[in-house]
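In: Model the structure of this input:
(3 chains, ligands or ions: 3)
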Amino acid sequence: MIKEKRASDVEKILAKYPSKRSAVMPLLYLAQEEYGYCNDAAIREVAELTALDPTEVKSVVGFYTMFFEEKTGTYVVEVCDDLPCALRGADAFVRHCEHKLGVRAGETTPDGKFTLRTVMCIAACDRAPVAQVNREYHYSLTPESFDKLVDDLK
Amino acid sequence: MADLINLTIDGVPVAVPKGTVIVDAAKKIGNDIPVFCYHPKLKPVGMCRMCLVEVGTPQIDRNTRQPMLDAEGKPVIAWMPKLQTACTTPVSEGMSVRTNTRQVLEARNDMLEFLLTSHPLDCPVCDKGGECPLQNLTMAHGPGVSRFDYEAKQHNAKHVPLGDLIFLDRERCIQCSRCIRFQDEVADDHVLQFHERGRHMEIVTFSDPPFDSLFGGNTTDICPVGALTTADFHFKARPWELDNTPSVCMHCPAGCNISLNTRLETHTGGHEIKRVMPRQNEHVNEIWICDKGRYVHHFSRAEDRITRPLVRDARGNLSESTWEAALQLAADRMRGRKVGGIIGDRLPNEDAWLFGRMFREVLKSAAVVMSPAIPAAYADIARTYGVGKDTDFKQLGKGDVILLVNGDLEQCAPVWFLRLRQAVVDRGARLVVAHDRPTKMHRYAARIDKYELGRAAHWASEQAKPLAEEFKSARNLLIVFGDEKLSAEGARSLARSLANILVESEHAGKANSGLLPLYPHGNTQGVFDALPSGGAMPERVDVAWLVGVGENNALPQSAFTVVQELFLTELTKQADVVLPALSFAEREGTFTSADRRVQRFYRALPALGQAKPDWWIIQELAQRLGAKWSFQDAGQVFGDLAAQNAQYTGLSYELLSRVESQWPPVGRSDLYYGGTVYDNTGGVGARYAAGAERAGFMAAVEWLTPPEADIEALQHLPRVLYQDGELIRRSKVLAGHIQFNETEIARAAR
Amino acid sequence: MDKHVLLRDLDIPDIRELAVYQANDGYAAWRKALTGMKPDEVMGVVKDSGLRGRGGAGFPAGLKWSFLPKDIFPKYVVVNGDESEAGTFKDHQLIENNPHQVIEGVALCAYAVQAGTAYIYLRGEFYEPARPLQKAIDEAYAAGLLGQNILGSGYSLDIHIHLGAGAYICGEETALLESLEGKLGQPRLRPPFPAVQGLYAKPTVINNIETLANVPPIVLNGAQWYRQYGTEKSPGTKIFCVSGRVNRPGNYELPLGQYTIRQLIEMSGGTIDGCPVKGVLPAGSSAPILPVSALDTRLDYESVQAAGSILGSASFVILDDSVDIVWAARKMVRFFRHESCGKCTPCREGTFWALRLYDKIVGGHGSSHDIDMLADVANGMANKCFCLLGEFATSPILSTLKHFRPEYEQFVREHQNGLPNTYGDQLIRDHAISVAGGSVVEVAY
Ligand SMILES: Cc1cc2nc3c(=O)[nH]c(=O)nc-3n(C[C@H](O)[C@H](O)[C@H](O)COP(=O)(O)O)c2cc1C
Ligand code: SF4
Ligand code: FES
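Out: Ligands and ions are numbered 1, 2, ... in the order given. Below is the predicted model:
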């Protein structure tokens, strides 16, 4: 229950806005940190905190790509393969990531450690290929540096 | 009107009120601009892009600030470079609109082609096939063939239950959001939303319970494709096989206009109601009905309907008899004896009128009452100080006050909830609520008073004076009240105190002001009006004569019981004579709603077995007891009622069946506009004047002290829409919704 | 001009620190405004400077501020840091490396319109770059530069960061407001415009991060100072994001109108292996591609428009001859297909249909009929969508067809029997891997 476990964060978030509804996204992030993804419990809790119907919260979760509706790996690896990055080899780089992790983009490794996803442009095209691991940027990746990154997390 | 705006559409001039959008202006002159997302009862969103038109405005000379004129003296029109959505663009003075240019026609074709890329085109098996806006508009404006690869189509789930009453077909949905917006804007139950985005966008519910709203069925009427269907109608019939008959719903005091869709059933050999749809009446229910009204119809063809008269035989069993024998037996038992009559408040006016006459003129007895009994204690006050004849809910708004006392408006009169909620939320009327517990209407209240259980009347007598003072400055004062958890005495006291508020704040006898009682059923006022006043039931009678009372725990003791009923109820099983009656769907008649609108309903189904209309049965018995009545049909009975009952003077079947042009128009060839709701061909009815409006009326204030300890009151149930009862029990679709209420005393004892 | 106006971190590496920022004129404009300028005067300077919005539309900022009704409160400032146009990464650098200038700009804007609260809406992926910005906000509060009764002026201002969660459409200002209100990021009907009914239906200014980062130097040095850069109609400096097939991709801050696209590419180290340029996208995926013939177009709003495209957010994606245009167009259409919010029919269905056609073609099953269909689909969408996203989506289709139709024809001729889905890899592997990781951010003037 984020209401209890993260009480001060919840309070701070709610205090930022004149309308509770505005807190729905920040609270969903909080819930996602707690539960790993936006499961039913998370949605119903956020609905209660924002005085919304759970349907409205579910709808927000569904609209935005950074809220996960399914369980993910411990590390969510998001590699950009949009045009600017692809012009600098991102497609091949994604193949490399798939090879390294042993899963296709969109899948989670059997040990539950990594989820590999491809994403649209993440505003770091000058340092392509680029990836985010749990929302932290990793710029100017090479196959070697990616391998090291993964090995360090293992 | 001063603020009419003049414009031309395809060269045709039209004048419409300020704020009208182009689609509606065009509709006025018969130009049906196609729409999908636009709905005249919902806020425009402009998302389907079906209504694109060319729009131009007069070019203004910068120097003179006057419209520029061309060589012929006509204003020069500056056409906007892009097509505009006619559903979101309000009209402006001198505007020019073109709906028939190549550019516009191509855009329509493009939008339809886009929509069809995702559509399954399963019209042959679709519940909406035959009355589908997408189908119709495709025929009118769409591409002849699909250029989209069928193989590439996205296939989505079909028959997805959104709760137990509505199914969603994800493939058919065109993402117009009408259903979402209906639930948000009209019902205020936020149980539907889009999930995902782009082409993956789909309707979901994540509420608990899922799609739970008393109004959900309406979404299936306004869904412009066959994406939403009711569990009740799903795969039951094709729209073109259905006949439709105008009718009136009798399950709550609002008197919604409905249409009964019937079909000949080969397997049973008889006709059946396949679905109940709203029928437009802007005075009453606009184009909405609640789910109870939509689904409760199954009692009309319940398996235990009684089709022949029954008489208790020598061995004490009820066995089939003939009309002649049964009527003769009942009449013989009544002759010269003490007869007590009870008639249910769902019976039509005609039946109640003859029942009343029977007691007044033939049996010469005052032992005749209505079931349930309590409303009779205050219905005269409600009639005297009821809403003015010209009351129009649409006009309630800023400056008006709505006082809601002791009733859960959504549960007691769902459609009034919708209408009064909009008066408050959309148009700024001030809502004051007083109740012993929170209800949905509390959400919109500017002020909330709470009193203890059963103390409504006490609250009212204490608060009446200050409230009257406060409401003096209101433009109009509408007082809605219920009788739950009150004894007859308490309810009368409450009604009287509320009437006093009207009198003292000088709102009595005005349009858009007055009392609006939350009676239990659809003809409580009508039955009360038809019965002789001052009726009372003695504890013991020789013969109890029960007409459509369903369950009733206030029956007199009697040696012999005559029952007129639809089916074998617990009560019927104990009767000595059972006379089979026709349901409302099998006969005609009138109901009087709680706001005193008298409305006709028509015969939609053939008679079942040997069952007869109640008024006919009553007349037969009266004749056997010496009356010289010879009414041939319900219309003649109504004529008699109107001639003898001062309230109904001037009303006739002809007058009641008068139709009016309704805005917005729905249900014509352009179903897409308002949905599959039915146009009103059966008449909009007529409201008779409240006592306080009548010539020579002198308003008076009178205080009735409520009973101090209203213990009796706590026996009563809080009123809920899906209250368990004889009729609702026969609709399987509603099984999960029926509420078996405990009395407060039982609850406390537990 | 030898110093940056916006990318000052390139001149003063530690400018993200409050002390360093303050030692370099930081918050001087803010003090100047609060202690000696009326709100209208601040608005006036910005108006006179001719500063145009850097979020894409290029609308004059001061003019936009002046649309807010004076007598309705509260008012809000909403800062657009959604930065989701493919190839755009300027706001990223600003919030990470020069956050105080962004905050000072937001504060000046809020003061000018008398808003009491500002929300900086950052795309959710800026979770990490949001940290230095939040740290800077905290420092500013601590230093009494934000909060209650700032510097004793009686004026109070709160600034909050709000993170989005992955939706390009939330860069569109009304969708952004919906998102900030906790709803689906779908655009609103206009009118009413945000200036009149924006956040919570209150008067609201929405400006891009870069736009507001211009404000402190303008207020400090005056409109005339600012107008020494750029052209009459496009005054000031602008950050150009260069990405794609160049040797030194990065952010380049240049006076508007002074340089050409060709020069910009040269500053970016030229194309990889000197391969000839094939085309340039001046505003990511959203604006029509410019062919080589347009390389001498000057870098300002008017010139790029005259050349047949839009300067937009100035995110220049450079395509060279090694790039297959059909493949590149597919990537862009895939972007819009992914980002279409679904609200309106033509965008929702059109992007879906168009991508299916591209998949068919790139998958090696296309015909020239499919190429015609692509044009039909795009034309069916054009000028009919609810918001610009749908219109943007037609650009990659229509502009590549316009300039490179023969390449499409050749593609379907040569690829008849299906292609592996690793087609894109083959296409650029040779060149790309050699430059991966080699980017730097260059001082360019
Ligand atoms: C689909 C779409 C995406 C947009 N994305 C952004 C964005 O990421 N960042 C931004 O500042 N403006 C974006 N805009 C422009 C904004 O709607 C708006 O014009 C801008 O924030 C105004 O700020 P400015 O006047 O300072 O440029 C986008 C517009 C559209 C139609
Ligand atoms: S289900 Fe029907 S009403 Fe609802 S969005 Fe889909 S098409 Fe529209
Ligand atoms: S956009 Fe006008 S009817 Fe849908």
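In: quick one, what contacts C:Cys341?
Out: Contacts for C:Cys341 (C-beta atoms under 8 Å, 6 or more residues apart in numbering or on different chains) come out as A:63, B:197-198, C:167, C:169, C:175, C:184-187, C:347-348, C:389. For the C-beta atoms, the positions are set from N, CA and C on the backbone; glycine is no exception.
In: tell me, which of those residues make contact with ligand 1?
Out: With C-beta under 6 Å from any ligand atom as the criterion, the members of the contacts of C:Cys341 in contact with ligand 1 are C:Ile169, C:Leu389.
In: so which of the contacts of C:Cys341 is the most crowded?
Out: Neighbour counts for those peak at C:Cys347, which has 33 neighbours (criterion: other C-beta atoms under 10 Å in any protein chain shown).
In: tell me the secondary structure for that residue?
Out: Three states are possible here, and by DSSP: H, G, I helix; E, B strand; the rest coil the one that applies to C:Cys347 is helix.
In: Could you find the closest non-adjacent residue to it?
Out: Computed as C-beta to C-beta, 6 or more residues apart in numbering or on different chains, the closest residue to C:Cys347 that is not its neighbour in sequence is C:Gly390, at 3.0 Å.
In: and the helix or strand containing the one you found, what other elements does it pack with?
Out: Remark: C:Gly390 resides in helix C:388-414, with elements defined by DSSP states H and E. Based on contacts counted as 3 or more C-beta pairs under 8 Å, 6 or more residues apart in numbering or on different chains; DSSP states H and E, the elements that helix C:388-414 packs against are strand C:277-285, helix C:325-339, helix C:345-362, helix C:368-381.
In: mind giving me JSON lines with these and columns for distance to A:Thr55 and mean pLDDT?
Out: Written out in JSON lines, the entries for these read as follows (distance: least, C-beta to C-beta, whole Å; pLDDT from 0 to 100):
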{"stretch": "strand C:277-285", "distance to A:Thr55": "33", "mean pLDDT": "97"}
{"stretch": "helix C:325-339", "distance to A:Thr55": "24", "mean pLDDT": "96"}
{"stretch": "helix C:345-362", "distance to A:Thr55": "21", "mean pLDDT": "94"}
{"stretch": "helix C:368-381", "distance to A:Thr55": "30", "mean pLDDT": "97"}
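In: does the residue nearest to C:Cys347 really touch C:Ala378, like I thought?
Out: No - the pair C:Gly390 and C:Ala378 fails to qualify as a contact (C-beta atoms under 8 Å) at a distance of 10.2 Å.
In: Which neighbours do the two have in common?
Out: Between them, C:Gly390 and C:Ala378 share these contacting residues under C-beta under 8 Å, 6+ apart: C:Gly350.
In: Specify the angle between the helix holding C:Gly390 and helix C:345-362 in degrees.
Out: Angle of helix C:388-414 versus helix C:345-362, following axes from the mean of the first three to the mean of the last three C-alpha atoms, to 10 degrees, is 20 degrees.
In: interface residues of chain B facing ligand 3?
Out: With the criterion set to C-beta under 6 Å from any ligand atom, chain B comes near ligand 3 through B:Val35, B:Phe36, B:Cys37, B:Tyr38, B:Gly46, B:Met47, B:Cys48, B:Arg49, B:Met50, B:Cys51, B:Thr85, B:Cys87.
In: residue contacts, the nearest residue to B:Glu265 once chain neighbours are set aside?
Out: Closest residue to B:Glu265 apart from its sequence neighbours, by C-beta to C-beta, 6+ apart: B:Glu272 at 4.9 Å. With contacts taken as C-beta under 8 Å, 6+ apart, B:Glu272 has the following neighbours: B:Thr262, B:Arg263, B:Glu265, B:Arg301, B:Leu605.
In: The third one reaches B:Glu241, doesn't it?
Out: No - if you go by C-beta under 8 Å, B:Glu265 and B:Glu241 don't touch, sitting 10.5 Å apart.
In: what helices or strands is the helix or strand hosting B:Thr57 leaning on?
Out: Assigned by DSSP H and E, B:Thr57 belongs to strand B:52-58. Judged by 3+ C-beta pairs under 8 Å, 6+ apart, the packing partners of strand B:52-58 are strand B:77-79, strand B:84-85, strand B:95-98, helix B:102-118.
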